[in-house]
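Student: give me coordinates for this.
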Amino acid sequence: MSSHFNNHRRSAELHEIAAHAHLSAAVAHEKQDHPSGHERSRVALEHSEAAFQHSQQVHQNARKTATMAIPSHDEIAMHAFGLWQSRGCPAGSPDIDWLSAERELSARTGSLR
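Tutor: Here you go, the predicted structure:
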């Protein structure tokens, strides 16, 4: 979880650096300081690209992690069936076993269900 937070914080920092570089370049252009203004624009673009790539990677990793962590419907169903059998196959609400299975599998994988 802290890694996820740190990745988002780093993305925000990179975006702030890029925004500052763009603002600095705009100020330099207004002052007709074209060589340094162009250089600042180039640096701002590099920071923007780095921020975008970092954000994109963070989101791709988060999607992969979330997909792996959430138990599938079939996994929950199989586990719930096993729980039902271990309780002696009683008649009644299947919700008890389903919710228990979902909770147990989510706890094992660390998902947020």
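Student: quick check, central residue of the chain?
Tutor: Nearest residue to the geometric centre of the chain (Cα atoms, centre = their mean): residue 62, 3.4 Å.
Student: tell me how far that one lies from residue 19.
Tutor: 23 Å (Cβ to Cβ, to the nearest Å). Every C-beta, even on glycine, is put in place using the N, C-alpha and C of the backbone.
Student: what do you get for residue 51?
Tutor: For residue 51 relative to residue 19 (Cβ to Cβ), the value is 9 Å.
Student: look at those two and report which has more neighbours.
Tutor: A count of neighbours by other Cβ atoms under 10 Å puts residue 51 above the other of residue 51 and residue 19, at 20 against 14.
Student: ok, now which ones touch the residue nearest to that one when sequence neighbours are not counted?
Tutor: In this structure, residue 51 finds its nearest non-sequential neighbour in residue 14, 3.4 Å apart by Cβ to Cβ, 6 or more residues apart in numbering. With contacts defined as Cβ atoms under 8 Å, 6 or more residues apart in numbering, the neighbours of residue 14 are 47, 50-51, 54-55.
Student: would you mind measuring from residue 14 to residue 94?
Tutor: Relative to residue 94, residue 14 is positioned 49 Å away (Cβ to Cβ).
Student: rewinding a little: which element is the residue nearest to residue 51 on?
Tutor: Per DSSP states H and E: residue 14 is located in helix 2-30.
Student: quick check: mean pLDDT of that helix?
Tutor: Helix 2-30 carries an average pLDDT of 70.
Student: what's the answer for stretch 51-69, then?
Tutor: The pLDDT scores in stretch 51-69 average 73.
Student: now residue 86: how far from residue 104?
Tutor: 12 Å.
Student: tell me the domain boundaries of the chain?
Tutor: Domains of the chain are assigned by automatic domain parsing as 2-69, 73-109.
Student: how about the helices in the protein?
Tutor: 2-30, 34-69, 73-86, 95-109 (DSSP state H).
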